[in-house]
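A.B. asks: below is the sequence, then the predicted model.
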Amino acid sequence: MGLLSLAIWMPIAFGVVLLAFGRDEHARGVRWVALIGSVASFLVTLPLWSRFQNGTAAMQFVEKERWIERFNIHYHVGLDGISFWLVLLTAFITVIVVISAWEVITERVNQYMGAFLILSGLMIGTFSALDGILFYTFFEATLIPMYLIIGIWGGPNKIYAAFEFFIYTLLGSLLMLVALIYLYNKSGGSFDILTWHKLPLSGQAQTFLFFAFFSAFAVKVPMWPVHTWLPDVHVEAPTGGSAVLAAIMLKLGAYGFLRFSMPIAPDASHEWAWLMIALSLIAVIYVGLVALVQQDMKKLVAYSSVAHMGFVTLGFFIFNELGVAGGIVQMIAHGFVSGAMFLCIGVLYDRVHSRQIADYGGVVNTMPKFAAFALLFAMANCGLPATAGFVGEWMVILGAVKANFWLGVGAATALIFGAAYTLWMYKRVYLGSVGNDHVKELSDINAREFLMLALLAIAVLWMGLYPKPFTDVMNASVDGLLQHVSISKLPKLP
Amino acid sequence: MIDKLSWMTIYPEVVLLIMTCVIALLDLASTSPRRTGTYILTLLTLAIVAVLTGFNASLGKTIYGFGGMVVSDPMGNWLKCFATLALMVTLVYGRPYAGDRGMLQGGEMFTMSLLALLGMFVMMSGSNFLLIYLGLELLTLSSYALVALRRDNAVASEAAMKYFVLGAMASGFLLYGLSMMYGATGSLDINEVFKAIASRQVNHQVLVFGLVFIVAGLAFKVGAAPFHMWVPDVYQGAPTAVTLMIGAAPELAAFAIIIRLLVEGLLPLAIDWQQMLALLAIASLLVGNLAAIAQSNLKRMLAYSTIAQMGFMLLGLVAGVVNGNTYNAQFAYSAAMFYIITYVLTTLASFGIILLLAREGFESEEITDLAGLNQRSPLYAGVMAIAMFSLAGIPPLVGFYAKLAVLQALIASGQGIYIGLAVFAVVMSLIGAFYYIRVVKVMYFDAPVTASTVSAPRDVRTVLTLNGALILILGILPGGLMTLCANAIVATLAT
């Protein structure tokens, strides 16, 4: 078993072991096993980093085994510069989520921890899969643990949210399944994604494929106007669920555009880039405005996620190096920042049991350490230089200006909205005098919460101050992708 | 004098028949209300038969016996093996339930189910219209009696009556259609009929007329809309142990006679019956999925889900012959075979849970009876969740790969209309996902009505756990079973 397989299956194995633990009398042991499992799963991804070679766009750590001979399906995994950081991000966030749930989750602890560990392995599998059906299997399988996480440990309206999450995302991905089978038949019986990249396709077929993939990935990202499930789900999901959803699951969609839509249907991607850009800009600007008026902190951050993911898709579909690399950097940065934002809300919610902005005020007076962390993450969410949020957005805006000046202007205005809604929320929740008795009784974060926020803060600052390791890894792959996309796949006219 | 080859084709059936008689006789001496001795002997018999048929199947040979009346081929033998295993599992799940309700007094349940299995065997290995019909009658007559086993129960008696009347009508349809075929081709032998039709010397109109009745009869048997009316009533009304008995293994037999009649016998008419099956499939997917949403009774919901699943399976059969070319046939039919086998496996698990939760005087048939099962028993909730997600077609459970194979067969035909059918099926399975995950919701998200934990006899616990695990394991490694189905279908098509 290779390193990459270990990174995929280790968390799943730990998760299955946890599920076997039974009832809650072993909660203490369960938590430690979960922590050991998640840390170990993170540690096995580190050798991937030290052995990753930057100069090449080729797949690395490739493993290929026959899986289902009947349909020529392989267990085929590998990493390139596009997927690499997403794998590490997933393993990292899982550790944080386990820490965040430590004493917060008291019911069915083993199932909670088990679900997150299995989910982590499935998402790493999605990012590394190089076979269409393997990808689909991992991609869809993530629905099961997430559905249970939302439904069992969610808020008052959890059942509606769980169904909305499940059905909405399933709808999108089923059409992708038809597209995958179509490609299998077109390519003469192969589910290999890299083979599909080279497959010549007519304009009509490309358009069909583009929209089939679009239906799966746009819902997952989510892009405007199919983003409506996200705020509902975020509000009801438990803290860990929200963090994983925002930090990683949304990236499954964005990643899909890079791995499927653009390289498989390059001509259709160019043809419909205007639509993608328009939807992205609407997400960035309009959804940014929507975020401004939210009363509920989780909803606000959820809308802000939609807006930030708009930057990602915008970057992808302007087809230049800055844009695409910026989009990927933004994906990673948003993983850290949005995860942190949701965990901050979780810290408050555990104490006050409210997510309404109006129920807070002057938290800084009673929780100074926490407020400092929250300020850092809020600044990162606005895209302040020297934080992770800045790098990706800056690259995307530069890329957009390069492509079209007004596009850049449109994208840049979003930064203003981002700053407005984030800082305004920060002001109303944290600053000022103590708002009410609940806030007065707040106790500052304990060592566990400090550790969890500190880890995220280090990641956010590191990425903001020294983004080179991140961009170095992806440069060759982004170049390769853009070169590939610039060549038409249409059959040549005689 | 029966020659050696003929014996080769039927010796598992002979063993089964002799043992059925032995068990019926020995049972006379038994007075225990739980019939433990009969139970163990029945399981032993089934185990032996499963080994015999499995051994025959693994030889991979096709042998005709009794002048072509009976065929022993890999498809038939594998289906026999799986049907035997399915009946074993059914009996394990059903015994505590039946024992609580006094259905084991007299031991008919064991002999009747063995006779039903014998009927299925005859259907699976019949290569002659009349023989297939006889097998079908043996199966259905035993099933009617099984449904009526609780004579004192009004609902069950009503279900038995409905099942009998509609089932008899379906048999009549089938028989009428078969007689038309006989009239047109002059033969009851399936291979002769095939040759006669392929020679194009036969009046096409008569053939299609007969075909309509055959397809209608088969649709009744598999429960495809618009011939599905009996399914919900019988599923709900029959004692749950019997519901499983008629809902699991016989589906394999129904699949076998579809292949024997339509593919082996009437393949030259594929253009005609493919259209009919396509319409049946569309109607089944619509009716099954939409009606299932509205159900609050779990058995009834699973009945409608069966209708929808059968619709999906039929889609696998419609894409076999494209423009007169049979290149796609092996993919299409083996997809349908894989589908039906995995469907039976999943059905066993879901009804196993219902049977497990039912206690004396409590049927546990409402969906709400599952409330909070996860708190009462994470293991059984897990098994049920696996079954539901599998029926919904979510990877990595085996139901997904079954759907994948059928969709692949449709899309591989390259015809716009079949691709449209694939998209339709996909949309319908989205609707299906809704009511399946609703069951998961009830088990995991709702608070339990009682705090009592679920206890089960050791045999039920073991088999149910294995059953759930198998749905997952076959999902992670579906390749073996797929290859098995493919080889079986290839061997069948070659003859």
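C.D. replies: Received it, and whenever you're ready, just let me know what you need.
A.B. asks: buried set for stretch A:468-476?
C.D. replies: Of the residues in stretch A:468-476, those with enough neighbours to count as buried (16 or more other CB atoms under 10 Å in any protein chain shown) are A:470-471, A:473-474, A:476. Glycine gets a C-beta too; all of them are placed from N, C-alpha and C.
A.B. asks: among the residues you listed, which lie within helices?
C.D. replies: Among the buried residues of stretch A:468-476, the members falling in helices (DSSP state H) are A:470-471, A:473-474, A:476.
A.B. asks: could you point out which element follows the lowest-mean-pLDDT helix or strand in chain A?
C.D. replies: The element with the least model confidence among the helices and strands of chain A, by mean pLDDT, DSSP states H and E, is helix A:437-440, at a mean of 80. Tracing the chain past helix A:437-440, the next element assigned as helix or strand by DSSP states H and E is helix A:447-465.
A.B. asks: now do the helices in the stretch 101-250 of chain A.
C.D. replies: Taking DSSP state H, counting those that start in this stretch as the criterion, the stretch 101-250 of chain A contains helices spanning A:109-128, A:132-141, A:143-153, A:158-186, A:193-198, A:203-220, A:229-236, A:239-244, A:250-256.
A.B. asks: of all those helices, which lies closest to residue A:298?
C.D. replies: For those, distance to residue A:298 was read as CB to CB. The smallest value, 4.9 Å, belongs to helix A:229-236.
A.B. asks: pull the most distant pair out of the ones in helices among the buried residues of stretch A:468-476.
C.D. replies: Pairwise across those, and taking CB to CB, the largest span is found between A:470 and A:476, at 13.4 Å.
A.B. asks: who touches the residue lying closest to residue A:254 once chain neighbours are set aside in this structure?
C.D. replies: The shortest distance from residue A:254 to any residue other than its chain neighbours is 4.9 Å, reached at residue A:312 (CB to CB, 6 or more residues apart in numbering or on different chains). With contacts taken as CB atoms under 8 Å, 6 or more residues apart in numbering or on different chains, residue A:312 has the following neighbours: A:221, A:254, A:327-328, A:330-331, A:334, A:392, A:396.
A.B. asks: same deal with residue A:141?
C.D. replies: When the contact criterion is CB under 8 Å, 6+ apart, the partners of residue A:141 are A:122, B:394-396.
A.B. asks: ok, 7 Å please
C.D. replies: Counting by CB atoms under 7 Å, 6 or more residues apart in numbering or on different chains, residue A:141 makes contact with A:122, B:395-396.
A.B. asks: can I get those residues in CSV with neighbour count and pLDDT?
C.D. replies: Formatted as CSV, the entries for the contacts of residue A:141 read as follows, by neighbours: other CB atoms under 10 Å in any protein chain shown; pLDDT from 0 to 100:
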residue, neighbour count, pLDDT
A:122, 26, 94
B:395, 25, 87
B:396, 23, 89
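A.B. asks: where does pLDDT dip in the chain?
C.D. replies: Since you didn't name a chain, this refers to chain A. Within chain A, the segments meeting pLDDT under 70 span A:22, A:492-494.
A.B. asks: nope, chain B please
C.D. replies: In the predicted model, chain B carries pLDDT under 70 at residues B:1, B:495.
A.B. asks: name the residue closest to the centre of it, please.
C.D. replies: residue B:251 (1.5 Å; CA atoms, centre = their mean).
A.B. asks: please enumerate the helices of the stretch 1-150 of chain B.
C.D. replies: Counting by DSSP H, counting those that start in this stretch, the stretch 1-150 of chain B has these helices, from start to end: B:4-29, B:36-59, B:74-100, B:108-125, B:129-147.
A.B. asks: hmm, back to that, chain B versus the residue nearest to residue A:254, what's the distance?
C.D. replies: As judged by CB to the nearest CB, to the nearest Å, residue A:312 and chain B stand 26 Å apart.
A.B. asks: the one helix or strand that residue maps to vs helix A:203-220, what angle?
C.D. replies: Assignment of secondary structure by DSSP H and E places residue A:312 within helix A:297-316. For helix A:297-316 against helix A:203-220, the angle between stretch directions is 150 degrees (axes from the mean of the first three to the mean of the last three CA atoms, to 10 degrees).
A.B. asks: how far off centre is the following helix or strand past helix A:297-316?
C.D. replies: Toward the C-terminus, helix A:297-316 is succeeded by helix A:321-352 as the next helix or strand (DSSP H and E). Its chain's average C-alpha position is 8 Å from that of helix A:321-352, according to CA atoms, centre = their mean, to the nearest Å.
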